[in-house]
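[1] Generate a structure from the sequence data that follows.
(one chain, ligands or ions: 1)
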Amino acid sequence: MTDLSELLDARNHHISNSLSIGHGKPLHIVKGEMQYLYSSDGTRFLDLVNNVCHVGHCHPKVVAAGQKQMEILSTNTRYIYDGLTDYVSRLASTLPDGLDVGFMVNSGSEANELAIRLARAHTGNHDMLVADGGYHGNTSMLVQLSPYKFLGPGGKGVSEPWVHVVPVPDEYRRAGVDYEQEMQEVISDAGNVAGFLIEPMLSCAGQIPLPDGYLKLAKTYTKEAGGLLIVDEVQVGFGRFGTHMWAFESQDVVPDIVVLGKSIGNGHPMAAVFTTKEIASSLGEMEWFSSTGGNPVSCAIGNAVMDVIEDEDLQEQAKEHGEYFLSGLCKLKESCPVIGDVRGRGLFIGIEFVHDRITLEPNAEEAERVVREMRDLGILLSTDGPHHNVIKIKPPMVLTRHDIDMTLECLNGVLSRNGD
Ligand code: PMP
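    Reported below is the predicted structural model:
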C-alpha cells in the first residue's frame, strides 16, 4: 500500500487545491463497511456524516446487484430493458400521483440543471428563486444559484440578475420574523419566475427544518409569479426524514419537480428528476439524452438500495433512532451553554454552537474543536452553515442505538473538558 506522505505528494501535484480534505486531517481510508470506515492503520471510524452511503458503506446486497449486472449488460437508455422501466416505475410509485415521469442522470448537479431547464422550458420564464445558504451543485449555473457558494469563501455575491435569494426561515437565529411576507416580497420583486429551487429541509444553510406549511406557501407564491416548485431531495430523501419517504411530504404540498440524488445509488453516481408528463414534454422536439444515466448497472444498484430500505425498515429506524439521538443531544444541551440549538428530523440533525445564548454569536471554533476531538476518538462529524458553527449529523441509516450511545458519551466528555 502506498504510504500517506506519498499519496499526499501525488495529491498536491495532481489534484486541484480547490478540493479540501475532510475532518481537518488527512485520513487514509482503505475500507468501508456499513456505518464504519477503516483507515490504513486499522482504526475504525464511525461515520456520522456520509448520507451518500445511505444503506451502509458497501452494503453486500447493493454490491452484489451491481456486480451481477456488470457481468450481464451495461448499455444506454435508447435500448429497451426491464431494469430501467422497473426501477423508474418503482421510484414513481413512492411519489405522489402525477409525478410519473423520471429522467435518470449521474449526479445531483446534473439533475438540478435538468430541473431548471424543464422549468424554464415549461414556463417560458428565466428567473430563479433559491433559499439563502443553499447549495445545489457544482456546475457554473448552479454555483450562480447557490448562495452557499457565491456568498461563501471565494464567492463574489449575486452575479446574475435572474437569481433571487429568499431569506432562510430559521426559527432559531431569526425567530419572530414573518417568513411568509419575506418570501412574498422577494417573489413579487422577481417578476417572471421559472421556478423556486429549495430543499425540503435545509442542509448547507445549517441543518434547518422548514416551518410547517412553508413549501405550500412557496408553491402558491411561485405559481402566482408564473413558476414551478422544484424540491431538491438530494440530501434528505429516501426515508432519512423518518416520518416520510420524501421530506416534502411533511409539508402538505406536491412539488412540480422533485430532484433525487446522493443516497439513490449508495455511492454509485446516480440521480433522478421526477415530474409530470406535461412538464416532462416541455423540451419539445429537442432530444434529451444521458450516455450513462439510467444504465442497467445503475438501475440494478438503485433497485437494490430500495430493497434494502424496505427490507431493513430503514425509514422507521431513521425515525426511532433520530428521536433517540435528538433527545440525548437535547439533554446534553442543558449542561453545555455553548450548544445554542439542537434540531432535526429523522437522521438529519444539527447542533448549533454559540458563544452566548442571548446574542447567538456563532462559535465556529468550539464546533471545530468538537469535530477534531471526536475524530480523534474515532467518530467522524463535520460543520456546516454560513457561520460554520453547526455540527451536522447525517449518518448511514444503519446506525445503531449503541453507536448513538457511544457518540453521546464521547460528546459529553469532549464538551465537558473545554466548554466555555
Ligand atoms: N443538491 C444538494 C442539496 C446537495 O447537497 C448537493 C451535493 N452536496 C447537490 C445538489 C449536488 O449533487 P452532486 O454533488 O451529486 O452533483
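[2] Backbone dihedrals for whatever residue of the chain ends up closest to the ligand, please?
    Distances between the chain and the ligand by Cβ to the nearest ligand atom are smallest at residue 108, namely 2.4 Å. No exception for glycine: its C-beta is placed from N, CA and C like everyone else's. With angles defined as degrees, to the nearest 10, residue 108 sits at phi -60, psi -40.
[3] Please renumber the chain so that the first residue is 49 from this point on.
    Will do, 49 is the new start, and the previous item becomes residue 156.
[4] Outline the domain layout of this structure.
    Here the domain assignment for the chain is 52-103+361-466, 108-359, based on automatic domain parsing.
[5] hang on, the earlier thing: got the confidence number for the residue of the chain closest to the ligand?
    In the predicted model, residue 156 carries a pLDDT score of 98.
[6] Number of residues surrounding it?
    Residue 156 has 27 neighbours, counted by other Cβ atoms under 10 Å.
[7] quick one: the nearest residue to it once chain neighbours are set aside and residue 157, what's the gap?
    Take residue 156 and drop its neighbours on the chain: the residue closest to it by Cβ to Cβ, 6 or more residues apart in numbering is residue 309, 3.2 Å away. Distance from residue 309 to residue 157, counting by Cβ to Cβ, to the nearest Å: 8 Å.
[8] Looking at the two, which has the bigger crowd around it?
    residue 309 (27 against 20).
[9] Go ahead and confirm the more buried one touches residue 282.
    Yes - the criterion here is Cβ atoms under 8 Å, and residue 309 meets it with residue 282 at 3.7 Å.
[10] Which neighbours do those two have in common?
    156, 159, 319 (Cβ atoms under 8 Å, 6 or more residues apart in numbering).
[11] Which positions in this protein make contact with the ligand?
    Applying Cβ under 6 Å from any ligand atom, we find that the chain lies next to the ligand at 155-157, 160, 183-186, 247, 251, 280, 282-283, 309.
[12] Sort out for me which of these are in strands.
    Counted as lying in strands by DSSP state E, out of the residues of the chain next to the ligand, are residue 280.
[13] Of the residues of the chain next to the ligand, grab the buried ones for PyMOL.
    To isolate the buried members of the residues of the chain next to the ligand in PyMOL, using 16 or more other Cβ atoms under 10 Å:
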select buried, resi 155+156+157+160+183+184+185+247+251+280+282+283+309
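[14] I'd like the residues of the chain next to the ligand written out as CSV, with distance to residue 465 added.
    CSV is the format used below for the residues of the chain next to the ligand (distance: Cβ to Cβ, whole Å):
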residue, distance to residue 465
155, 40
156, 38
157, 40
160, 42
183, 33
184, 38
185, 39
186, 38
247, 35
251, 29
280, 38
282, 36
283, 31
309, 38
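[15] what about residue 198, neighbour count?
    There are 18 residues near residue 198, going by other Cβ under 10 Å.
[16] cool, the one 5 residues further on as well?
    Here the neighbour count serves as a burial measure; for residue 203 (other Cβ under 10 Å) it reads 14.
[17] in a strand, that's where it is, yeah?
    No - looking at residue 203 with DSSP: H, G, I helix; E, B strand; the rest coil, it is coil, so not inside a strand.
[18] give me every residue that touches it.
    Contacts of residue 203 (Cβ under 8 Å, 6+ apart): residue 197.
[19] Was I right to think residue 270 contacts residue 246?
    No - using Cβ under 8 Å, residue 270 is not in contact with residue 246, being 9.4 Å away.
[20] So between these two, which is more surrounded?
    residue 270 (27 against 24).
[21] Bridge partners for the residue lying closest to that one once chain neighbours are set aside, pull those for me.
    Excluding its sequence neighbours, the residue lying closest to residue 270 (Cβ to Cβ, 6+ apart) is residue 244, at 4.3 Å. Applying DSSP bridges to residue 244 gives these bridge partners: residue 177, residue 277.
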